[in-house]
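# Provided below are the primary sequence and the corresponding predicted coordinates.
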Amino acid sequence: MKKIAILIGLVLLLYVLQTSFLPLFAIHGVSPDLMLLLTVSFAFLRGVREGALMGFAVGLLQDLSTGTFLGVNAFTRLLIGLVCGSFSDRVFKEQFFLPIMASVAATIANYFILVLLMLLLGYRFDLVHHMGYILIPMLIYQLAFAYPVHRLAYELDKKLSEKYEG
Amino acid sequence: MGNRVRQDKNNRRRFWALVFVVVSLFCIIFFAARGRFQVPVSSQAVSLVLSPFQSAFGWVSGELRGITDSIWDVVTVHEQNKMLRNEVAQLRVQNLQASEYAAENARLRALLDYKQAASQFDLVAARVIGRESATWSSMIVINRGTMDGIQNNMPVVTEKGLVGHVVEAGPNSSKVQLILDPRSSVGTLIQRPDSRVAGIVEGDMDNPTMPRMVNIPKNADVDEGDMIVTSGFGGIYPKGLAVGIVSSLKNDAGGLLKIAVLEPAVDFQRLEDVMVIVASREAPPEPFVTPQQTPGTETDPAAEQRAAEEAAGAEDDSTQTENEQ
């Protein structure tokens, strides 16, 4: 129970940081997406079930609190949590390189799922131009923030599993 | 053996549950985007819980920005002062002309018995406490809600121009859809008196920092540098709020219409404090008064003296009328 409370605290802290502090450093209105990074790290550390649940929960939080297209974040984050989680039993937890690279791949995947959804919703735009304008700053930010977020999730996971699982 | 069968069955059930969740999410996205699905209470509950934290962080980042801004101000103050003096001189000339026009306008309006169109707004100041990082839509969260008299569909402005409108007012915070959001559309006009072409300003997905004005006929009189203001059509936004300046023109894919890309009047990258228009009513325009000149920057001592004399004269007049009464 306490473990869940700590996790909720972490999610809220990162989320508030993401929405009220990091936009100060935005390029073209793009700022780092800590929730996505957290989903990837969590999925790699805890496996497919908790990864997917985490992705869904943070996605829903984002959808409800900022009023974007409802459900898009919950949808993409659920899928990313599922995919990353299914790799979790094949990598060592102490390995840091793979989750960080995976978060870059997840950002790209997230971007293209959203592109697809927007196209299906009937919005038209110039994809190549949009990618240069949005995706590249996004990737740079995600790469810079992937390590700290993963480190945080890793330490927390280690501490929590020591404390509550023996 | 039996164990394995059960595990398989479990796995299959889990798989179908997952498919169900994914498909229903997919449906929710489409229903919500078409406006056929509203989240009942949950969304407000989330904002209620989050807004105090967001306020705190918003305050800290506001302070940080304030400090860096003041350092920058101190560094550039000399150069800026020179430019401002120059601008003041130009503005005073314009001001004189404007008061001339205002007098003429009042006279002509009286002549035509035209209804007073100038409106006065009741504003509620609010601080931006949250901003979405997603790039597909543009929303901000402000620290005022229904407890401060904010309701859905109220326009949000800064002193520079239009920001957007409230889409969801919670008890102590509200979500504001910016005019950069692709779902937003604002009825607008070209301000230039010999053009007055109407169009709709929408958010553009290609360039999330610059909205575009669509539905402009191909032969319409629109130039780069034209000021765009709200037209008052549609009922949400009052007439005459600055929206932006035309920065470039291009042809629509269909070939019949033009699209104007706008430089918004408001700097959306640095949006800190906004005002919500809670009520607007028609009122006579305030009398034209020249503002006091800052000591040491007087560019036109004669005008200053005249203004002072006029003010004194007006006071005398009013005392006289009082005495007469």
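Sure, I can see it. These numbers come from a predicted model, not from an experiment.
# Tell me if B:Gly199 really is in a strand.
Yes: when DSSP: H, G, I helix; E, B strand; the rest coil is applied, B:Gly199 is found to be in a strand.
# so where is the stretch 1-150 of chain B shaky, pLDDT-wise?
B:1-6, B:35-43, B:113-119, B:133-135 (pLDDT under 70).
# longest helix of chain B?
helix B:42-112 (DSSP state H).
# so after it, what's the next helix or strand?
Downstream of helix B:42-112, the next assigned helix or strand under DSSP states H and E is strand B:119-131.
# if we can go back for a sec, does the longest helix of chain B come close to chain A?
Yes: Helix B:42-112 comes into contact with chain A (CB under 8 Å from any CB of the partner chain), by way of B:42-43, B:46-47, B:50, B:53-54, B:57-58, B:60-61, B:64-65. Where you see a C-beta, it was placed from the backbone N, CA and C, and this is true even at glycine.
# Pull the distance from that helix to the chain's centre.
Helix B:42-112 has its C-alpha centroid displaced from the chain centroid by 12 Å (CA atoms, centre = their mean, to the nearest Å).
# re earlier: please pick the buried ones from the residues of helix B:42-112 next to chain A.
B:Ser43, B:Val46, B:Ser47, B:Leu50, B:Phe53, B:Gln54, B:Phe57, B:Gly58, B:Ser61 (16 or more other CB atoms under 10 Å in any protein chain shown).
# Run through the residues that contact the second one.
With contacts taken as CB atoms under 8 Å, 6 or more residues apart in numbering or on different chains, B:Val46 has the following neighbours: A:Leu61, A:Leu64, A:Ser65.
# Tell me the one among the residues of helix B:42-112 next to chain A nearest to A:Ile140.
Using CB to CB, B:Ser61 comes nearest to A:Ile140 of the residues of helix B:42-112 next to chain A, at 21.1 Å.
# That closest one - nearest residue in space that isn't next to it in sequence?
Closest residue to B:Ser61 apart from its sequence neighbours, by CB to CB, 6 or more residues apart in numbering or on different chains: A:Phe21 at 5.0 Å.
# Touching, the one you found and B:Phe57? I think so.
Yes: judged on CB atoms under 8 Å, A:Phe21 makes contact with B:Phe57 at a distance of 5.4 Å.
# Contacts for stretch A:16-29, please.
Outside stretch A:16-29, the residues that touch it by CB under 8 Å, 6+ apart are A:31-35, A:65-66, A:133-134, A:137, A:141, B:50, B:53-54, B:57-58, B:60-61, B:64-65, B:129-133, B:135, B:138, B:141, B:180, B:208-209, B:268-269.
# Give me the buried subset of these.
Buried among those (16+ other CB under 10 Å): A:31-35, A:65-66, A:133-134, A:137, A:141, B:50, B:53-54, B:57-58, B:61, B:129-133, B:135, B:138, B:141, B:180, B:208-209, B:268.
# For B:Asn152, what is the enclosing helix or strand?
Going by DSSP H and E, B:Asn152 is not in any helix or strand.
# about what we covered before: and the longest helix of chain B with strand B:119-131, angle?
Angle of helix B:42-112 versus strand B:119-131, following axes from the mean of the first three to the mean of the last three CA atoms, to 10 degrees, is 150 degrees.
# Give me the pLDDT for B:Pro287.
Per-residue pLDDT puts B:Pro287 at 58.
# what's the helix ranked longest in chain A packed up against?
Taking DSSP H as the criterion, chain A has its longest helix at helix A:136-165. Identification of packing neighbours for helix A:136-165 by 3 or more CB pairs under 8 Å, 6 or more residues apart in numbering or on different chains; DSSP states H and E yields helix A:2-16, helix A:34-46, helix A:97-120.
# pLDDT weak spots in chain A?
A:67, A:164-166.
# which residues sit in contact with the most centrally placed residue in it?
What sits nearest the mean C-alpha location of chain A, by CA atoms, centre = their mean, is A:Leu36, with 0.9 Å. For A:Leu36, the contacting residues are A:Arg77, A:Ile80, A:Ser103, A:Ala106, A:Thr107, A:Asn110, A:Gln142, by CB under 8 Å, 6+ apart.
# ok, now with 6 Å
A:Asn110 (CB atoms under 6 Å, 6 or more residues apart in numbering or on different chains).
# B:Leu178 now?
Contacts of B:Leu178 (CB under 6 Å, 6+ apart): B:Ser138, B:Gly164.
# who in chain A is up against chain B?
Contact residues (CB under 6 Å from any CB of the partner chain) of chain A with chain B: A:16, A:18-21, A:23-24, A:29-31, A:33, A:64-72, A:74-75, A:114, A:121, A:123, A:125-126, A:129-130, A:134.
# Please indicate which of these are buried?
Here, 16+ other CB under 10 Å leaves A:16, A:18-21, A:23, A:29-31, A:33, A:64-72, A:74-75, A:114, A:121, A:123, A:130, A:134 buried among the residues of chain A next to chain B.
# in terms of contact, does B:Val141 touch B:Gly130 like I think?
Yes: under the criterion of CB atoms under 6 Å, B:Val141 makes contact with B:Gly130 at 3.5 Å.
# To what extent is A:Leu117 buried, counted in neighbours?
20 (other CB atoms under 10 Å in any protein chain shown).
# Work out for me the element A:Pro32 sits within.
Counting by DSSP H and E, A:Pro32 is part of no helix or strand.
# Report the spatially closest residue to it, excluding sequence-adjacent ones.
Nearest to A:Pro32 is A:Tyr141, by CB to CB, 6+ apart, at 4.1 Å.
# how near is that neighbour to B:Ser51?
To B:Ser51, A:Tyr141 is 25 Å away according to CB to CB, to the nearest Å.
# do the same with A:Gly55
In terms of CB to CB, A:Gly55 sits 24 Å off from B:Ser51.
# What of B:Met83?
Counting by CB to CB, the gap from B:Met83 to B:Ser51 is 40 Å.
# ok, now B:Asp226?
Taking CB to CB, one finds B:Asp226 at 39 Å from B:Ser51.
# ditto for A:Leu78
Distance from A:Leu78 to B:Ser51, counting by CB to CB: 26 Å.
# and if you look at B:Pro155?
21 Å.
# what do you get for A:Leu127?
A:Leu127 is 36 Å from B:Ser51, by CB to CB.
# more crowded one of the two?
B:Ser51 (24 against 14).
# ok, the more buried one - contacts?
B:Asn172, B:Ser173.
# B:Arg281 - how many residues pack around it?
For B:Arg281, using other CB under 10 Å, the count is 8.
# Please identify which helix or strand holds it.
strand B:273-282.
# in that strand, what counts as buried?
B:Val274, B:Met275, B:Val276, B:Ile277, B:Val278, B:Ser280.
# now do stretch A:150-166
Neighbour count says stretch A:150-166 has A:His150, A:Leu152, A:Ala153, A:Tyr154, A:Leu156, A:Asp157 buried, by 16+ other CB under 10 Å.
# how close does A:Val83 get to A:Asn110?
11 Å.
# for B:Val128, same thing?
For B:Val128, the distance to A:Asn110 - CB to CB - is 25 Å.
# How much space separates B:Leu123 from B:Ile129?
Relative to B:Ile129, and taking CB to CB, B:Leu123 is found at 18 Å.
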